[in-house]
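Quick one, fold the following:
(chains A and B)
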Amino acid sequence: MPFFDHLEVCNSSELVFGSAKHPLSYGLGLKVGQGEVVPEVKFFPRTLPERDPEGFKAEVKAITADLLDRAVELGVEALQIEAEQSFMETRKPELVAEVTSLQKSLMEKYSDEHGIRLGLRVTVADVRDFREGLRSTTNYNLMLEAFEAAASNGADVLSIESEGGKDVFNYSIVRQDIKGVIFSVGLLGSLDMKLLWEDIVDIAERNGSLAGGDTACAAGNTAMKLAGGVGSMTLPHTFAALVRAVSAVRSLVAYEQGATGPGKDCGYENVILKAITGFPMSMEGKTSACAHSSLLGNIASACCDLWSNEQVENVRLFGGSAPQVFLEVLHYDCKLMNTAIRLGRALELRDALVLSDKFNDPQAFVLSPDVAIEIARSIVSERGYYRRAKSACQKAVALMEASPSLNLSPPERRLLSSVKSVLGSLPEDEDAFKDQMIRTFAGKIPTFRESDYWP
Amino acid sequence: MRKLYLDKVRALVMRGMSEADLLSRLRDSIVNLDFDGSKNLAQEAISKGVPANEIISKGISAAMEEVGRKFEASEYFLSELIVAGEISKEITQMLQPYLKGAEVKKIGKVVIGTVKGDLHDIGKNILGMMLESAGFEVIDLGSDVSAEAFVEAVEKNKPDIVGMSALLTVTMVEMESTINALKKAGLRDKVKVIVGGAPITEDYAKRIGADAYGKDAVMGVEICKGWVKGRS
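Numbering: from 1, shown residues only, chains lettered A, B, ... in the order given. Modelled structure (predicted):
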């Protein structure tokens, strides 16, 4: 397995949309990271699979057909569809098999008839119940069965938003506890992913699918959501930016276990991962306003290879079904980026996208290509998950503090100063940190068990 | 005789000064969110015989008032309000044996949970912590909580309030199912119901028969406090 001790992309001018150092070809003629950005569309059916499995299948089939019809109408040449499961669906692997198969059959039909290049990503839900443990449980096995069902029925890319360490993270985030974040996301999340991704990569390899990567949605995006909009005082935006930097350490583990991408959309940390791994990445931004608000709408697209809408409910709008409407929005965004590439002006467009957001919020700042490369470098310069997480955090703090253009309020600056002092007091050694944290959290969080992470 | 009297007065003044100084340092320590420092100062105050009710009123309550002011003035984040609340809660527990048998009375009891089919529980968790800091007893049923589980918890715990959260439009309908289940069990009139979460609106709360909609945790706590105010 690779261990990333250097950057695949060292120069920020090479970190740009549509081009990846290690591009991919898969599915029905789809090429990703090879000089064009491809739309990736995702939808949320209204029918609950638990209550009405037949209705659910029918709705997924109808939405997929709607999407492919709209793609033909718009002249879309390449498209990825993502089927992100609810935990109700993952708990029914036989349903996953049927749904994946029917989606893939439809995609094959449209590919044959209309020549569209297509790919299908299936994202399995992390259905583990922390109360019963993270491994060798019924829910863990169900999750693997869902992966197997998807891979053996036509999924081209396998992904997950795994949740190792989430209980400790949830406790830590509302208390602004950076040590808890480094422990839960940087160390526990990474250790959990190391074991989980061995299994996912094995399933992908046996079935000819790609192991597409993981995201720290449960951490990075929870922090982003809590931080809220401009002026919101729920959680410091600088703190959410630090959670994002630590998230990169965790999400990198999938690639160190053999994943090849394309990385999944809601991992905003993917910019940092693209610099480290060179693999293509999916991103979401303004086009995911249908699912959640963010202050990263433009900058998120600066380095994407697939451009996604995150999740849209299947409701009717004047312009068609919401998934169709969002496919259209994605298509035009991609057309603009691809035209810029053809005209040799990709960097100009990228820089405009970056500058429109970069200094408005610390969370955007850490995702700008130059800063992302610095954070990526701080990660690969260290060995061990804990030291990488600490290093990423220290680098992000230093860059935010030093930026003359990033406008931080006094409470945000106070937060950075306090985090810096905590980071300075942390031990160098992972075992010493682990002991300290286990003393802090064991017993305090009932679902946290050391044996889940250090079996 | 006169010297003895003056020494006594001086000792009392000194004690008063050192007590005031200690409580002021405790207050500042809580405001500065120094967990260990606050606990040490509270312990020092206890050992020096400062009455527990003085520690509460001049140390803890004064600190929480200042933290609240800083939050209102956008100087502090909500997460800092939560940390200060936790420090205060822990010190109050330390003081329990010194309150001459008088329990710190809870102002009300709330059962909270994220509805069936929904695992997004961080908003509900924040509400729970803030309710506890405000003096409520909180029974947190977790996430993916069925209507039956809410009914069972209300029967068992006899709360004043039931709080439900949902993030997804496909799961928010479970709030109505839960309210109907409470009605069916004859419990609806015994509790107030507050609902919240990203897709919820004031109008939706009214439509499903909830008593209130909490836009965020701060508003949710205010509504719950209003319901129990003056009751005891």
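
Helix or strand next in line after the least confident helix or strand in chain B by mean pLDDT, which one?
For chain B, scoring each helix and strand by mean pLDDT, DSSP states H and E identifies helix B:2-31 as the least confident one, at a mean of 75. Remark: after helix B:2-31, the chain's next helix or strand is helix B:35-47, criterion DSSP states H and E.

Is that following helix positioned near chain A?
No - using C-beta under 8 Å from any C-beta of the partner chain, helix B:35-47 stays clear of chain A, coming no nearer than 9.7 Å. Quick note: C-beta positions are derived from backbone N, CA and C, even for glycine.

Show the average pLDDT along that helix.
Computed over helix B:35-47, the mean pLDDT rounds to 92.

try stretch A:303-315
96.

distance between it and the chain's centre?
The chain centroid and the centroid of stretch A:303-315 are separated by 12 Å under C-alpha atoms, centre = their mean, to the nearest Å.

give me the number of residues near the closest residue to chain B within the stretch 251-400 of chain A?
In the stretch 251-400 of chain A, no residue comes nearer to chain B than A:E313, which is 6.2 Å away by C-beta to the nearest C-beta. Neighbours of A:E313 under the rule other C-beta atoms under 10 Å in any protein chain shown: 17.

ok, it touching A:A322?
Yes - the pair A:E313 / A:A322 is scored as a contact, 6.0 Å apart, by C-beta atoms under 8 Å.

was I right about A:R117 contacting A:G27?
Yes - if you go by C-beta under 8 Å, A:R117 and A:G27 touch, sitting 7.5 Å apart.

If you count surrounding residues, which of the two has more?
Each of A:R117 and A:G27 had its neighbours counted (other C-beta under 10 Å), and the higher figure belongs to A:G27 (26 against 18).

three-state assignment of B:V162?
strand (DSSP: H, G, I helix; E, B strand; the rest coil).

Please work out how many residues are found near it.
Here the number of neighbours of B:V162 (other C-beta under 10 Å) works out to 28.

where are the low-confidence patches of chain B?
B:1-17, B:100-104, B:230-232 (pLDDT under 70).

How about the residues of it by chain A?
Residues of chain B lying close to chain A by C-beta under 8 Å from any C-beta are B:71, B:74-80, B:82-83, B:86, B:117, B:119, B:121-122, B:125-126, B:129, B:169-170, B:216.

how does chain B divide up, domain by domain?
Chain B is divided into the following domains under automatic domain parsing: B:2-98, B:108-228.

Can you lay out these as JSON lines showing distance to A:D202?
Below are those laid out as JSON lines (distance: least, C-beta to C-beta, whole Å):
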{"stretch": "domain B:2-98", "distance to A:D202": "40"}
{"stretch": "domain B:108-228", "distance to A:D202": "27"}
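
partner residues bridging the residue of the stretch 251-400 of chain A closest to chain B?
A:F44 (DSSP bridges).

wait, what's in contact with it?
A:43-44, A:46, A:290, A:322, B:169-170 (C-beta atoms under 8 Å, 6 or more residues apart in numbering or on different chains).

Need the buried ones from the residues of chain B next to chain A selected in PyMOL.
Buried residues within the residues of chain B next to chain A, by 16 or more other C-beta atoms under 10 Å in any protein chain shown, are selected in PyMOL with:
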select buried, chain B and resi 71+76+77+78+79+80+82+83+86+117+119+121+122+125+126+129+169+170+216
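
shared neighbours, A:E313 and A:A322?
A:43, A:290.

Give me the neighbour count for the residue nearest to A:H292 when sequence neighbours are not counted.
Distance criterion C-beta to C-beta, 6 or more residues apart in numbering or on different chains; nearest residue to A:H292, sequence neighbours excluded, is A:K225 at 6.4 Å. The number of residues packed near A:K225 is 19, by other C-beta under 10 Å.

following the helix or strand where A:K225 lies, which helix or strand comes up?
Assigned by DSSP H and E, A:K225 falls within helix A:222-227. Heading C-terminal from helix A:222-227, the first helix or strand you meet, by DSSP H and E, is helix A:237-256.

Output whichever helix or strand comes after that next one as PDB, nothing but the C-alphas.
Using DSSP H and E, the next helix or strand after helix A:237-256 towards the C-terminus is helix A:270-277. Output in PDB follows, covering the C-alpha atoms of helix A:270-277 (Å, rounded to 0.1, in the frame of the first residue of the first chain):
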ATOM      1  CA  ASN A 270     -10.400  16.700  -1.400                       C
ATOM      2  CA  VAL A 271      -8.400  19.700  -2.600                       C
ATOM      3  CA  ILE A 272      -5.600  18.800  -0.100                       C
ATOM      4  CA  LEU A 273      -5.900  15.100  -1.000                       C
ATOM      5  CA  LYS A 274      -5.600  15.900  -4.700                       C
ATOM      6  CA  ALA A 275      -2.300  17.600  -4.000                       C
ATOM      7  CA  ILE A 276      -1.100  14.600  -2.000                       C
ATOM      8  CA  THR A 277      -2.400  11.700  -4.100                       C
END
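
immediately after helix A:270-277, which helix or strand?
Assigned by DSSP H and E, the successor of helix A:270-277 is strand A:282-284.

Check which helices and strands the helix or strand just after that next one is in contact with.
Downstream of strand A:282-284, the first helix or strand assigned by DSSP H and E is strand A:306-308. If contacts are counted by 3 or more C-beta pairs under 8 Å, 6 or more residues apart in numbering or on different chains; DSSP states H and E, strand A:306-308 sits against strand A:38-44, strand A:282-284, helix A:322-342.

on that earlier part again, which one of the domains of chain B is the most hemmed in?
domain B:108-228 (a mean of 20; mean count of other C-beta atoms under 10 Å in any protein chain shown).

So which bits of chain A are right by chain B?
Taking C-beta under 8 Å from any C-beta as the measure of proximity, chain A contacts chain B at A:44, A:46, A:48, A:50, A:86-88, A:170, A:173-176, A:222, A:225-226, A:231, A:233-236, A:239, A:313, A:410-411, A:415.

just the buried members of these?
Buried among those by 16+ other C-beta under 10 Å: A:44, A:48, A:50, A:86-88, A:170, A:173-176, A:222, A:225-226, A:233-236, A:239, A:313, A:411, A:415.
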